[in-house]
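> Below is the sequence, then the predicted model.
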Amino acid sequence: MASNFLRLRKPYYVESTINCSSSSDQKLVNLSFGINETRNQTKKRQAKEHHGRRSCLDSCCWVTGYLCTTWWLLLFLYHCCLPFTVGHEVPELMPAARLKREGLKGIHPVVLVPGIVTGGLELWEGKPCADGLFRKRLWGGGGFTQLLKRPLCWLEHLSLHNETGLDPPGIRVRPVPGLFGADYSAPGYFVWDVLVKNLAKIGYEGKNLHMAAYDWRLSFQNTEVRDRALSKLKSKIELMYRANGNKKVVVVPHSMGVAYFLHFLKWVETPPPMGGGGGPGWCAEHIKAIVNIGPSFLGVPKAVSNILSAEGKDVAYFRAMAPGVLDSGTLGLRALEHVMRVSRTWDSVVSLMPKGGETIWGNMDWSPEDEHVCDFSKKRYFRFSPSDNNVNNSDAKQVFRVKDPVKYGRIISFGKAASVLHSSQLPTTVLKEILHMSASRNFNSSCWEAWTEYDEMSRESIRKIGAADKAYTATTLFDLLRFVAPKMMNRAEAHFSHGIADNLEDPKYNHYKYWSNPLEMKLPDAPNMEIYCSYGVGIPTERSYVYKLSPSNKCKHIPYQIDTSVDGEDGSCLKSGVYFADGDESVPVLSAGFMCAKGWKGRTRFNPSGINTYVREYQSKPPTSGIKSTAHVDIMGNIALIEDILRVAAGATGEEIGGDKIYSDILRMSERINLRL
């Protein structure tokens, strides 16, 4: 109180003193006022500079927000208007209505398993910057609005602990339970909603339809360690089985959810404490069929580019068109650095790395997709089945040869020459020499706004790794990523493996790190169970990349980026630094179809009980988005796929819905792969 009173009395006190003082005292007081005025001006200037810096960041956030909002709005309008713009025809959006009129009814309980980024996440505990967000979505649905309001806070709460891969201190983000958690990834952009509506038409509801929500950021085993997600899924399947008259369950996983459920198949029969203790025969008793949608069984090359430079073709295109938005130090966004910082804490990203090495994905001079038709406008698809005698005849497909066959096995190439020259003309990639380089010559860490592991690398090592005429295959790229992202890879590779088992009877394969790799685990003893590989074809899909060094004089910068200036000839597989192959836009045909086409076909060492497998391909047709789309996420609303799922859920077998339906070259690719079965 006394100090407050004196502050109020100060003007009067000073005035009285001035009136009674001598001329020398007057000068002293004037000097005091001058010093105080200088200090006040300094504080105002510092506050103005701080406000300027904050205003710059706020402006950048608002610009990003406007761009994202505009994009989502246009996307929403596009999806809403699309059915009415193609020939003015509105096909029946609910195939279940027609099937119901034909007498089709749901029989088997259905479990849906979402993939990466398609499941909602909500906040249960957070930092002060997240006040008011308790149990509000941070991801999925309307959760992206928080990106516009508080971007750095939003990113902080989506990150996991960089050493444990679990919750950071003071933060708990959990999956949104129930069907509501994965209906839409964003307003107007459906994921499971269309399929759920069709299932409801033939009698499905809460007692026989379940969404297996899990935190897609975590490693698969950590979803059990932290949330008991695998135990909940096991209990739910058992309950649905008993509550529906001992009817076996049909499981429908999508994308990374395919690998997650593959992990579950091994976990549920493994004795505790590592497994669920269901014992041999649990899968045979409880599961009728697994209808995998857009399966990433053998990984996706775009996971490599995401780890290396936080970009894929879409980001690379945007960066090329508007480099200032993502890269400019003036704007200060550093969007890619922040994305990399967050995504490198997600162990699930490593689960999507290519599996099987050069045996599956090809080496420096060979790949299963050799002679692939790159010009999709000239490629004609013909449906055929493995029983056709002329599968490999020229009548079955139109062959469009290019002068220089694409070397898809080089998943990462630095410079166009490294992607096309014969391996004998390229220098040998020896990362072991670089690994022993001194780590003392680091970037100036103080100039990095967003921490990435690149700030712990020397400029010399970065330059040597990205030197021109160097290429990395599905085998050597792991050495590359272990060097540029050692903490992430050390943590994640304790939970995932990407090789091929020599002897599946080896006790080491009882460890959970092998359970999501179909080349290092055996399917359960369930001869009456069925497995479907259902995916889209006919859409250019990222398969390999041409990289370059980013400008070295820019601080706070990811040192590598896709070289969008590199293009091939007309009809080439190479466009803007990306080599494309056949697939569903995200997953190449090779990854989606090989296991059902060959790896598990009949009795193999990976499928000892001879579970029936079916390849169900859906050809891309105009329009490229909507109810006829076969793109990786859009296919969830594809009426042909939905009809297949409804028939299987109603009791049909794979043979009864038509067996294999193949349009792509997956059988020819599979024959080229020399894998011991």
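Here it is on my side, so go on. Residues are numbered from 1 along each chain as shown.
> all helices for the stretch 51-200 of the chain, in order.
95-101, 145-149, 151-158, 193-201 (DSSP state H, counting those that start in this stretch).
> Flag the shaky bits of the stretch 201-350 of the chain, pLDDT-wise.
Applying pLDDT under 70 to the stretch 201-350 of the chain flags the ranges 314-333.
> among the helices of the stretch 51-200 of the chain, which is nearest Glu369?
Closest to Glu369 of these is helix 193-201 (Cβ to Cβ; 30.6 Å). Every C-beta, even on glycine, is put in place using the N, C-alpha and C of the backbone.
> what does that closest one rub up against?
With contact meaning Cβ atoms under 8 Å, 6 or more residues apart in numbering, helix 193-201 is reached by 93-97, 100, 106, 110, 112, 179, 183-184, 204, 209, 252, 636-637, 642, 645-646, 649.
> before we move on, the earlier item: can I get the helices of the stretch 51-200 of the chain in JSON lines with distance to Cys129?
Putting these into JSON lines (distance: least, Cβ to Cβ, whole Å) gives the following:
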{"stretch": "helix 95-101", "distance to Cys129": "45"}
{"stretch": "helix 145-149", "distance to Cys129": "10"}
{"stretch": "helix 151-158", "distance to Cys129": "4"}
{"stretch": "helix 193-201", "distance to Cys129": "32"}
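> Redo the ones you listed as CSV? Include mean neighbour count and distance to Glu238.
CSV is the format used below for the helices of the stretch 51-200 of the chain (neighbours: other Cβ atoms under 10 Å; distance: least, Cβ to Cβ, whole Å):
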stretch, mean neighbour count, distance to Glu238
helix 95-101, 17, 27
helix 145-149, 16, 37
helix 151-158, 19, 33
helix 193-201, 20, 21
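> Pick out the shakiest of those, pLDDT-wise.
Between the helices of the stretch 51-200 of the chain, the one with the least mean pLDDT is helix 145-149; it has a mean of 69.
> of all the helices of the stretch 51-200 of the chain, which lies closest to Gly245?
Nearest to Gly245 among the helices of the stretch 51-200 of the chain is helix 193-201 (17.9 Å), distances taken as Cβ to Cβ.
> next SSE after that closest one?
Counting by DSSP states H and E, the next helix or strand C-terminal to helix 193-201 is strand 209-211.
> ok, for the residue nearest in space to the middle of the chain, nearest residue in space, not its chain neighbours?
The centroid of the chain falls nearest to Ile116 when counting by Cα atoms, centre = their mean (5.4 Å). Spatial nearest neighbour of Ile116, chain neighbours left out: Met256 (4.1 Å); criterion: Cβ to Cβ, 6 or more residues apart in numbering.
> From what I see, the one you found and Val350 are in contact.
No - using Cβ atoms under 8 Å, Met256 is not in contact with Val350, being 11.1 Å away.
> Out of the two, name the residue with the larger neighbour count.
Met256 (28 against 24; other Cβ atoms under 10 Å).
> what helix or strand does Val291 sit in?
In this structure, Val291 is located in strand 287-293 according to DSSP H and E.
> Which secondary structure elements does whatever helix or strand comes next after that strand sit against?
The helix or strand immediately downstream of strand 287-293 is helix 302-309, counting by DSSP H and E. On a contact count with 3 or more Cβ pairs under 8 Å, 6 or more residues apart in numbering; DSSP states H and E, helix 302-309 meets helix 335-343, helix 348-351, strand 412-414, helix 476-484, strand 539-549, strand 560-562.
> same thing but at 7 Å, please
When contacts are defined as 3 or more Cβ pairs under 7 Å, 6 or more residues apart in numbering; DSSP states H and E, helix 302-309 sits against helix 348-351, helix 476-484, strand 560-562.
> Between the ones you listed, which one is closest to Ser458.
Using Cβ to Cβ, the nearest of these to Ser458 is helix 476-484, at 11.4 Å.
> Kindly provide the whole-number mean pLDDT of that closest one.
Helix 476-484 comes out at a mean pLDDT of 91.
> quick check: angle from it to helix 302-309?
Here the directions of helix 476-484 and helix 302-309 differ by 30 degrees (axes from the mean of the first three to the mean of the last three Cα atoms, to 10 degrees).
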